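Q: Structure of the sequence below:
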Amino acid sequence: MTRLRHSRGVAVALVTFATFTDIVAYSVAVPVLPDLSRKLGASPTMIGLLFASFGVTLLTVSIPMGAMSDRIGRKIPMVGGLIALAASTLLFAFSDGLPWLFAARLVQGAADAITWVVGFALIADRYGPDERGRVSGIVMSGTSAAVMVGPTIGGWLYEVGGIRAPFLTVAALATVGALGFLWLDIPSTRAAAEHVPLGRVLRSRPVLVCTAVVIAISSTISMLEPVLPLFLTEKLGIGPARIGLIFGSGAVASAILHPIYGRLADRWGGRRLMMTGLIMAACMLPLLNLTWTYPATIAVFVLNTMAIALVITPSLAFMAESVAGAGVGSFGVGYGLYNMAWGAGLLGGPAIAGFVFEHAGFARLTLLWSPLLVVVTILLARVQSAPPPTEEHP
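A: The predicted structure follows:
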């Protein structure tokens, strides 16, 4: 039992469980919150603001909590983040007015920031540069599974057990995760005793370029979510169920490929794979316009998802490499910046896509978007992180 408390594998399992629970908590809200909001008198605009409020705390909490975890260690923030996640889902379950729903959504966004930032910082603490890609791939595979099962679980529990059932289930999962991190023995890191060099991290060119890549790939994912269904409905005449299967097939491909891409990143370097994935995504994106049958649409979408996944997992390892290459041990700050960039992409992608789709159509949207990915690839090609200093990993 003592060995398990110190095990790196158990730490990875708990981080994967925490991020899985966080994604389930986010995704169960998709089929539940709109109906609940309407029952409480919310207009469509108010429902949109409710969903968007998640990003407010995600963006504002990521870097400060990453810096704090660098100073006080990973354990307390991880436990606190999961307790906050449980509290937010309980608020959803027992809310009797819109202000409480907004409060719950804001707390949920903060919990998301803490869980992801501190979780990946913990992995960077415990694993060296030659293993981070593999471990990050394992965690991302778990989150892809959560994307697949979350909405289904939320809708099913809502129908079977009422409005409170899905949220109470997630609260129970988050509580189990918090207890797991309380039990886990997490060694203190060197950075926990030092001043957090936020400015030094932000002045690192590899870190900033990695941040730009994350914004680009996050916004690419999120820009497809609102407009691709509209395009496919118009072109192929398919309904929500079959569109859901298209997105689900992409999630299955991601769950399978993330661990593979992680191992490749350890072997060949995250930067090289990120460049390959960006170019592939830039080429595959316009092909979505050429889909002529439903099976062909699934095939093209899966290929597009494979390219995007080739950027995501290696970028997690590359961020740690870039932070270490700057002579900094503050992985919390680095992943705080990463999470903030991801949130910015999630907010900006759908807004830009909706505007361009409405005024220019889906074909021009994809043709305009692909060169942006090429530009980011060129930026990445022109930067090479310095060899990281010798790191000690318990």
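Q: Show me the helices in the protein, by range?
A: 2-6, 8-39, 44-72, 75-94, 98-126, 132-161, 164-183, 198-202, 205-236, 240-268, 270-284, 294-325, 331-360, 362-381 (DSSP state H).
Q: Confidence-wise, which helix or strand of the chain is lowest on average?
A: helix 198-202 (a mean of 73; mean pLDDT, DSSP states H and E).
Q: Give the other helices and strands that that helix contacts.
A: Contacts defined by 3 or more C-beta pairs under 8 Å, 6 or more residues apart in numbering; DSSP states H and E place helix 198-202 against helix 331-360. Yep, even glycine has a C-beta here, placed from its N, CA and C like the rest.
Q: angle of the helix it packs on against helix 75-94?
A: 40 degrees (axes from the mean of the first three to the mean of the last three C-alpha atoms, to 10 degrees).
Q: For helix 331-360, give the mean pLDDT please.
A: Averaging pLDDT along helix 331-360 gives 87.
Q: Not counting residues beside it along the chain, what's closest to the residue nearest in space to the middle of the chain?
A: Nearest to the geometric centre of the chain sits Trp342, at 6.7 Å (C-alpha atoms, centre = their mean). Nearest non-adjacent residue to Trp342, counting by C-beta to C-beta, 6 or more residues apart in numbering: Ser218, 4.7 Å away.
Q: Burial check on Ser249, number of neighbours?
A: Ser249 has 17 neighbours, counted by other C-beta atoms under 10 Å.
Q: What does the pLDDT read for it?
A: Per-residue confidence (pLDDT) for Ser249: 87.
Q: Could you check how far it is from Gly199?
A: 44 Å (C-beta to C-beta, to the nearest Å).
Q: just Ile243 next, same as before
A: 45 Å.
Q: One more: Pro371?
A: On the measure of C-beta to C-beta, Pro371 and Gly199 end up 32 Å apart.
Q: what does Val149 give?
A: Taken as C-beta to C-beta, the span from Val149 to Gly199 is 41 Å.
Q: Of these two, give the one with the bigger neighbour count.
A: Per other C-beta under 10 Å, whichever of Val149 and Gly199 has more neighbours is Val149, with 16 against 8.
Q: Okay, domains of the protein per the record?
A: 2-196, 199-381 (automatic domain parsing).
Q: Can you tell me which of these has the worst average pLDDT?
A: Among those, domain 2-196 carries the lowest mean pLDDT (a mean of 83).
Q: Next, count neighbours for the residue lying closest to Ser27 once chain neighbours are set aside.
A: Counting by C-beta to C-beta, 6+ apart, the nearest residue to Ser27 once its immediate chain neighbours are dropped is Gly150, at 2.8 Å. When neighbours are counted by other C-beta under 10 Å, Gly150 registers 24.
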